[in-house]
Structures are given as C-alpha cells and as structure tokens.
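Trainee: Next comes the sequence, and after it the predicted model I'd like to discuss.
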Amino acid sequence: MGPSQRHSNFITRAGGWAARFAVVWDRPLYAGVLALLIYALIGLRWNSSWQATPTAYFNYLADAFLHGQLHLRLIPASIHDLVYYGGQYYLYWPPLPAILLMPFVALFGVQVSDVGFTVAIAALNVSLVALTLRHATRRGVIDLTAEQRGWLVVFLALGTVHVTLASFGQVWFTSQIVAFGGVTAAYLAALSLEGRRAFVWTGVALAAALLTRNHLILAGVWPFVYLVMRQRSVGWRRVSRNVLIGGLPIVAAIGLLGLYNWLRFGNPLDNGIAYHQMADLFVADYQQYGYFSWRYIPMNLFYQYLAYPLPYNSSTFMGGGLFWLSPLFVAAGAGLVRGQPRWSIGSLVLTIGLVATPILLLMGTGWAQFGPRYTLDFTFPLLLLTAIGLRRWPLRIVRLLVLISILQYAIGLMYWGSWLMTR
C-alpha cells in the first residue's frame, strides 16, 4: 500500500470517527450528559470545591422569598451591582432564577453552589438544543442529517459564548444561562406541539425568559409567526384566539414583574437599576447618558462583532467578535440569502435584530467576559438561521469551523477563568 493510499484510508477513518462523534451529540440525552461532564470539569478546574461564588445573589434572593420578603435578609460579602434603596439591598435582575433556587436554598442554605446550579441548567440547554433541532428537521424548517445537527450541538455547547457562561456561576452568567433555556424551550414548544397547546407552552416558555431577562420577550417573534403560519389552515379566527391564549402567560409575567417592582420601589416600571452599585468604570457614562443610549452603539458594535480578544491584552475581557470566535455563524448569511420560506427567514432576522437592539444600546459591553456574552440572548434564532444556511456546506468545512471555535474558546477559558477567580 502506497503513501497516498494510506493517507486516503486515514482520512476515511477520521471522517468515520468524526461522524460517530457528532451523531452522539445529536441525541439529546447523550448531548446533555456530555455537556454536564465537560462543564463540570471546567467548573472544578477553577473552583475545586464548587463553593458558592461571592456574587451568588439569586441564592440570597431565594432566601428572602422563603422568609416572605423582597429585600435581602442576609447580605452577601460582595455588594457589587446590588441595588441599595431605602436602607435595603435588592436585585435589579428579574427573579425567576431565585424562584428556581428556592428548594435548594431551603434544603442547603444560601451557600448552595450556584456553580452546580448553572452547570446543570447549561447542560439541560444543550439537550434542549439537540431536541429542538430534531423537531426543526421533522417540521422541514431545516434539512440536516444527524451528523450535521450533531456538529451544530457541539458548536453551541463548546464553540460559542455559552461555554464561558456555563461553569462559573455568578449572578450575571446564571441569569443568561437560565434565560437561554427559556428561549430554547419556546422554540421547542412551537416546533414539537400541536394546536392550542403549542401556543400556550410557547407563551409559558417566553414568560420564563421574560422573568429572567426582560427584553427576551422579543425572541418570541419567530415562534409565534411560525405557529400562525403553520396553523392558518384552521381559520384566522381560531388562530387569533390561540395567539391571545398563548399571550396570556406573557401578560401575566409582565403583570407580576410590574407588581414586583411596585412593591419594592413604588413604580411598576422601576427595576432599581438607577440605584445599583455599579462599577466605577461606568459611573461617568451613566451620569451623562443613562443606562440606554445611542452613544453606546459604536463601543458595543466593536466589542461584540469586531474586536479579536487573543492574544491576551487589557481589553480581552470587554468581549470579542461574534463571527471571529464562532465562525460557523457565517453560514447564517447563506440562510438569509437562500433560505425558504421567506416569511420564516424574515421573521428569524427580525427576531435577531429586535433582541440585538437593546444590547447595542446598553451601557457596558458585558464586561468581565471572554466573548460577546450578550449575544447569547439571540444565539438560538441565529443558530436556526445558521442551520438553514449550512445545508449544502461540505462536512469538512463545518468540522473545521467548529474546531476553530472550540480551540479559541478553550484558550480564552484558560486566560479568563484564571483572571475571573482572582477578582
């Protein structure tokens, strides 16, 4: 056997191994278990005892809820980013993660590991992504093989900013991981359920996302457009009724948030952000421009889409370009151009744009991160558009881009994890 034949056989065997590896990740249960192991190992690398982090603020809010109050009963060692109002400490983040933590805090106290909680939710997210991509294939929204879907799941799990938020706990990262789960569950409900149940459970999942990160109600554009278009044959009157019923959980969530704010600050629209203990880095901008301003757009565009954070430098942890670090997302461009039906592509693009807009107007870039962490908010609709675009891409290109993403985030985690644990 000549060298060229041996090389050809090696390529063939490597392709077979890669295909089997990807197909395992296409299976939701296996994908979740593998993600759990990887995220747990990453967490143990920098927090060997998995002790609660200094900013496990949802633990303290869960404790407050268990004792019938809305302000913190126990004050954590760190008060960075907490709201101080009327002599009491509050959280400006919406409360769903604290509600989910209540049984664990009731059993184990406020020092229950927020790292373990976040790792578990992140692994569940990976399972939900694998399951949702399967249903998207069954519905004809995407047209991918099991191997192609598996590489997308690997990409989401290890080659996007999801991997940097999954293993470290902390209030900011926990909030985003829980919210991503709510958004993905909404897409899963829209793709997997029938009739009125699809609208209701899509609305429930979006309400959960809203109760974690307010603006993620905007991520519901595509699921509701998809459901309306899929069920339009039953008549517009019934579809309109289903839309209204599906919107009830969202309306209820908005009402609960308004009541929560009113009970704390006397105004249903006030979440306490004006009173939070922000980093000195942001004080001057906040005093001059407020929390949202068009003046923040150039900085956010740069750090979320243009900056390259490697090798390590002083601005590494301000963010990192989405398409540099996760180049497989470039396939979304092909989905935008060639994807069908056009109403689905248009509503996906609209969803991504609507969710991205408040992020671009926000003070700060999501500082203290590796990668553009705020882009996680629209990562699932972007992943769906990417899945549509890569249908005809050679597998070797997909594998290469996924590997490049994983390597970059692995290097970034080495720098960022060490820096984060010394803050």
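Mentor: Looks like it came in fine.
Trainee: okay, residue 91: pLDDT?
Mentor: What the model reports as pLDDT for residue 91 is 96.
Trainee: Could you tell me which helix of this protein is the longest one?
Mentor: helix 236-265 (DSSP state H).
Trainee: give me the number of residues near the closest residue to residue 186 other than its chain neighbours?
Mentor: In space, residue 186 comes closest to residue 205 once its chain neighbours are excluded; the distance is 3.7 Å by C-beta to C-beta, 6 or more residues apart in numbering. Backbone N, C-alpha and C define where each C-beta goes, glycine included. Neighbour count of residue 205, defined by other C-beta atoms under 10 Å: 26.
Trainee: And for residue 196?
Mentor: 14.
Trainee: Give me the buried positions along the longest helix of the chain.
Mentor: Residues of helix 236-265 classed as buried by neighbour count (16 or more other C-beta atoms under 10 Å): 239, 242-243, 246-247, 249-250, 253-254, 257, 260-261, 264-265.
Trainee: From those, pick the one nearest residue 120.
Mentor: If you rank the buried residues of helix 236-265 by distance to residue 120 using C-beta to C-beta, residue 253 comes first, at 23.2 Å.
Trainee: Quick one: residues contacting the closest one.
Mentor: Residue 253 is in contact with 207, 208, 210, 211, counting by C-beta atoms under 8 Å, 6 or more residues apart in numbering.
Trainee: now those as TSV including secondary structure, distance to residue 124 and pLDDT?
Mentor: Compiled in TSV, those are given as follows (DSSP: H, G, I helix; E, B strand; the rest coil; distance: C-beta to C-beta, whole Å; pLDDT from 0 to 100):
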residue	secondary structure	distance to residue 124	pLDDT
207	helix	18	97
208	helix	13	97
210	helix	19	97
211	coil	17	97
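Trainee: Just the closest of those to residue 230, please.
Mentor: Nearest to residue 230 among the contacts of residue 253, counting by C-beta to C-beta, is residue 207 at 21.1 Å.
Trainee: Could I get the contacting residues of the residue nearest the centre of the chain?
Mentor: Geometric centre of the chain, nearest residue: residue 180, 3.4 Å, by C-alpha atoms, centre = their mean. Going by C-beta under 8 Å, 6+ apart, residue 180 touches 125, 162, 376, 377, 379, 380.
Trainee: quick one: the first one and residue 119, what's the gap?
Mentor: For residue 125, the distance to residue 119 under the criterion C-beta to C-beta, to the nearest Å works out to 11 Å.
Trainee: re earlier: of the contacts of residue 180, closest to residue 228?
Mentor: Distance to residue 228, by C-beta to C-beta, is smallest for residue 380 among the contacts of residue 180, at 19.4 Å.
Trainee: Now that closest one: which helix or strand?
Mentor: Using DSSP states H and E, residue 380 sits within helix 379-389.
Trainee: same thing with residue 417?
Mentor: Assigned by DSSP H and E, residue 417 falls in helix 395-421.
Trainee: Centre of the chain to that helix, how far?
Mentor: 17 Å (C-alpha atoms, centre = their mean, to the nearest Å).
Trainee: what packs against that helix?
Mentor: Contact partners of helix 395-421 among helices and strands, from 3 or more C-beta pairs under 8 Å, 6 or more residues apart in numbering; DSSP states H and E: helix 3-26, helix 28-46, helix 146-158, helix 162-165, helix 322-325.
Trainee: Pull out the buried positions in stretch 110-121.
Mentor: Within stretch 110-121, judged by 16+ other C-beta under 10 Å, the buried ones are 110, 112, 113, 114, 115, 116, 117, 118, 119, 120, 121.
Trainee: Averaged pLDDT, that stretch. What do you get?
Mentor: On average, stretch 110-121 scores 96.
Trainee: Ok, stretch 257-272 next?
Mentor: 95.
Trainee: Check the separation of the first and last residues in it.
Mentor: Using C-alpha to C-alpha, to the nearest Å, the end-to-end distance of stretch 257-272 comes to 12 Å.
Trainee: from the middle of its chain, how far away would that stretch be?
Mentor: Centroid separation for stretch 257-272 versus its chain: 25 Å, with C-alpha atoms, centre = their mean.
Trainee: hmm, who's touching that stretch?
Mentor: With contact meaning C-beta under 8 Å, 6+ apart, stretch 257-272 is reached by 70, 71, 83, 85, 90, 91, 92, 94, 95, 210, 211, 214.
Trainee: Helix, strand or coil: sort out residue 84 for me.
Mentor: Assigned with DSSP: H, G, I helix; E, B strand; the rest coil, residue 84 falls in the strand class.
Trainee: Confirm for me that it is in contact with residue 274.
Mentor: No: using C-beta atoms under 8 Å as the test, residue 84 is too far from residue 274 to be in contact (10.8 Å).
Trainee: Burial check on residue 353, number of neighbours?
Mentor: Counted with other C-beta under 10 Å, residue 353 comes out at 14.
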